[in-house]
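Colleague: Predicted model and sequence below, questions to follow.
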Amino acid sequence: ATAMTAPPTRLALRAVGLSCGCMLYDTLYCLAHKQVRHPLLIGHHVLSVLFFPYATLRHRSLLVVLFFVFTEVTNVGQHVRIILLRLGREHSRLYVLNGVAWAAVFFMVRILPSPYLFYKMVDCSYKDYSTADFVIAWLTMPIPFVLNSFWFHLLASGVSRFMARPPPIAELLAEERPSSRAKRR
């Protein structure tokens, strides 16, 4: 079997099932909570829940599907950010550290391997694919790559803006106090 027609292992089946369950939950959460409801998120999750099992059970594009499943690990940084925001900790060092780490991990996991996956998608044989399988594969496989690039742009832009803005006045005052005391002595 080639990389695009490999049968799934039991572990791969579990990973795809777990990922689809998480995405289904996330979709329902987005639908129930207007503040996180966004068409890109809902569309991304619905397509994944529909096509990940289809591709996996038909032995189609499993390498790409498992890559997309693995990339969900980067959502930990997103959820930590949301928790810190809700706790009012957006000016804490932990918030900054999480943001920078999240951007770095997002880049390493989702962006850096993408050219290799694209190479595999283009270079592999599709002779065992039906016309419908081929069309579905090439209509759906690029979507997460485009979304990852868009989301990384948003993430990197947010980190840049956050790091470039002046610190709040309270932080400036706290930093000046110890040096003022040192000068007085």
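Modeller: Received the coordinates, thanks.
Colleague: Could you list the low-pLDDT ranges of this structure?
Modeller: Within the chain, the stretches with pLDDT under 70 are 1, 167-185.
Colleague: Kindly recompute the last result at 90.
Modeller: Where the chain drops to pLDDT under 90, the residues are 1-3, 29-30, 33-38, 40-41, 90-91, 93, 96, 125, 155-156, 158-185.
Colleague: residue boundaries of the helices in it?
Modeller: Taking DSSP state H as the criterion, the chain carries its helices at 10-32, 39-57, 62-71, 75-86, 93-106, 114-123, 131-140, 142-164, 169-184.
Colleague: Name the residues of the third one that come out as buried.
Modeller: Pointing back at helix 62-71 there. Residues of helix 62-71 classed as buried: L62, V64, V65, L66, F67, F68, V69, T71 (neighbour count, 16 or more other CB atoms under 10 Å). (Each C-beta comes from the backbone N, C-alpha and C, glycine too.)
Colleague: Distance-wise, check the fifth one relative to S130.
Modeller: In this case it means F67. Going from F67 to S130 by CB to CB, to the nearest Å gives 23 Å.
Colleague: and what of the second one?
Modeller: V64 is 17 Å from S130, where distance means CB to CB.
Colleague: rewinding a little: out of the helices of the chain, which comes closest to A3?
Modeller: helix 62-71 (4.6 Å; CB to CB).
Colleague: relative orientation of the closest one and helix 10-32 in degrees?
Modeller: Counting by axes from the mean of the first three to the mean of the last three CA atoms, to 10 degrees, helix 62-71 lies at 50 degrees to helix 10-32.
Colleague: Give me the contact list for helix 62-71.
Modeller: 3-4, 6-8, 12, 15-16, 19, 48, 52, 55-56, 109-110, 113, 117, 120-121, 141, 144, 148 (CB atoms under 8 Å, 6 or more residues apart in numbering).
Colleague: Deepest-packed of the helices of the chain, please.
Modeller: Scoring these by mean neighbour count under mean count of other CB atoms under 10 Å gives helix 62-71 as the most buried, with a mean of 20.
Colleague: now the angle from that one to helix 93-106?
Modeller: Taking the same axes, to 10 degrees, one finds helix 62-71 and helix 93-106 inclined to each other by 170 degrees.
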